[in-house]
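A.B. asks: sequence and predicted structure below; questions after.
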Amino acid sequence: MAVLTRLLPIMLLLMLAPATSADQRQVALIVHPDVDTRTLTRDNARAIFAMRQRTWPDGQAVRVFVLPGSHAVHGRFTKEHLAVYPHQLQLAWDRMVFSGTGQAPNRVSSQAEMLERIATTPGALGYLEREYLDDRVQVISME
C-alpha cells in the first residue's frame, strides 16, 4: 500500500502531462487575414491541397504552403485533416507538374517560416501546430 501511495502522484502527473502538450501540438488550418472563408469541408480542403481548387469562393487566388513531406506536422495534417497519406498528395502534385496541368504548392522549411509566409501572402493557406499561432493569421475550422 505504501508503494501505491508513493506512485499515485507520479502516475497522475504522467496522465496529465500529455494532455497539455497534445493541445499545443494540435495542427491548425490557417489563412491570411484577408481570406473571407472561415470553414472548409474536408473535401474542399483536400481539393485545395491537391491543387485542384485554385480560387477562394470570392475569386481570390489560393496560395498553398506546405511543410516538407518528411516533416512530422505535414504527416499529421494530411492524415488527420485531409484523410490522405503524404505520399498520395506528392503523387498528385508530381502528376500535375509533369503533365503541365498545374503546379506543386509552395514548400516552406519550418513552422516559423509557414507562419511568416501565410501572414504576408494574400490568399495564403497552410497549417501549423497551435503553439506557433499568433494574431497575424486566421484559423479556419473544418466541417
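C.D. replies: Received it, and whenever you're ready, just let me know what you need.

A.B. asks: bridging residues for the residue positioned nearest the centre of the chain?
C.D. replies: Nearest to the mean C-alpha position of the chain, counting by CA atoms, centre = their mean, stands Tyr127 at 2.7 Å. Here Tyr127 sits in beta bridges with Leu29, going by DSSP bridges.

A.B. asks: what is the neighbour count of Asp36?
C.D. replies: 10 (other CB atoms under 10 Å). C-beta: built from backbone N, CA, C; applies to glycine.

A.B. asks: so where's the chain uncertain?
C.D. replies: 1-24 (pLDDT under 70).

A.B. asks: which residues in it form helices?
C.D. replies: Using DSSP state H, the helices assigned to the chain run over residues 2-25, 42-49, 72-77, 86-99, 111-120.

A.B. asks: rewinding a little: so the residue nearest to the centre of the chain makes contact with Leu40?
C.D. replies: No. Tyr127 lies out of contact with Leu40 (CB atoms under 8 Å); the separation is 11.5 Å.

A.B. asks: joint contacts of these two?
C.D. replies: Both Tyr127 and Leu40 are in contact with Leu29, where contact means CB atoms under 8 Å, 6 or more residues apart in numbering.

A.B. asks: got a list of what Tyr85 touches?
C.D. replies: Thr78, Lys79 are the contacts of Tyr85 under CB under 8 Å, 6+ apart.

A.B. asks: what of Arg52?
C.D. replies: Contacts of Arg52 (CB under 8 Å, 6+ apart): Gly102.

A.B. asks: pretty sure Arg42 contacts Met142?
C.D. replies: Yes. Using CB under 8 Å, Arg42 is in contact with Met142, at 6.2 Å.

A.B. asks: intersection of neighbour lists for the two?
C.D. replies: His81.

A.B. asks: phi, psi for Val84 please.
C.D. replies: Val84 adopts backbone torsions of phi -140, psi 160, taken as degrees, to the nearest 10.

A.B. asks: perfect, that will be all.
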